[in-house]
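1. Okay, sequence plus prediction incoming.
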Amino acid sequence: MTCYETLFVVKPTLTDEETAAQIAKIKEIVANNGGELLATNDMGMRKLAYQVEKNDRGYYTVLLYKAEGTLIQELERLLKINEDVIKFLTVKYVKQKELAQFNKLVEAANKKAEPVAETAPVAETAPVAEETAPAAESTEA
């Protein structure tokens, strides 16, 4: 299975419920066609670089998943005929450096999705960071 990232932009005229339904529908397509959804990054409403179908804004969502190539063909076919999706882009990660970046993106998206209720571990890691900082300065000099 290959690692993929699909970014898609949903029309800004949809309600929150309709937008959530569109995102769920696309996630379901990935799951039903043998894909393994690793992370989702809802980037929210953003300004587009240029007008698309008379829209200046759109709701951005990124899906990070592992799948076979046949899933990509089906997913892109369904995104093309979906009138609520105004733009989409799929990126395939193959090389080792690309896969390392893909794994970082998955971790970052999963951390963003987790609740930020844990404050004790942050306090424990702060002294460790201070201890390593002088060592890093000495190696640079």
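-> Alright, I've got the coordinates.
2. Quick check: phi and psi at T13.
-> With angles defined as degrees, to the nearest 10, T13 sits at phi -80, psi -10.
3. Going forward, the N-terminal residue is numbered 109.
-> Renumbered: residue one is now 109, and that last one reads T121.
4. Can you report how many residues neighbour it?
-> Residues near T121, counting by other C-beta atoms under 10 Å, number 11. Backbone N, C-alpha and C define where each C-beta goes, glycine included.
5. ok, now which ones touch it?
-> N163 (C-beta atoms under 8 Å, 6 or more residues apart in numbering).
6. distance of it from Y173?
-> 27 Å (C-beta to C-beta, to the nearest Å).
7. can you tell me the average pLDDT over the longest strand along the chain?
-> Across the chain, the longest stretch assigned as strand under DSSP state E is strand 144-160. Mean pLDDT, strand 144-160: 91.
8. what about dumping the CA coordinates of that strand to PDB?
-> C-alpha atoms of strand 144-160 as PDB (Å, rounded to 0.1, in the frame of the first residue of the first chain):
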ATOM      1  CA  GLU A 144      -6.500   3.000   5.600                       C
ATOM      2  CA  LEU A 145      -7.300   6.600   6.800                       C
ATOM      3  CA  LEU A 146      -4.400   7.600   9.100                       C
ATOM      4  CA  ALA A 147      -5.200  11.300   9.800                       C
ATOM      5  CA  THR A 148      -7.500  14.100   8.900                       C
ATOM      6  CA  ASN A 149      -6.600  17.800   9.100                       C
ATOM      7  CA  ASP A 150      -9.600  20.200   8.900                       C
ATOM      8  CA  MET A 151      -8.000  23.400   8.000                       C
ATOM      9  CA  GLY A 152     -11.200  25.300   8.000                       C
ATOM     10  CA  MET A 153     -12.500  28.200   5.900                       C
ATOM     11  CA  ARG A 154      -9.700  30.000   4.000                       C
ATOM     12  CA  LYS A 155      -9.300  32.500   1.200                       C
ATOM     13  CA  LEU A 156      -8.600  31.000  -2.200                       C
ATOM     14  CA  ALA A 157      -5.700  32.300  -4.200                       C
ATOM     15  CA  TYR A 158      -8.000  33.000  -7.100                       C
ATOM     16  CA  GLN A 159     -11.800  32.700  -7.700                       C
ATOM     17  CA  VAL A 160     -13.100  29.200  -8.400                       C
END
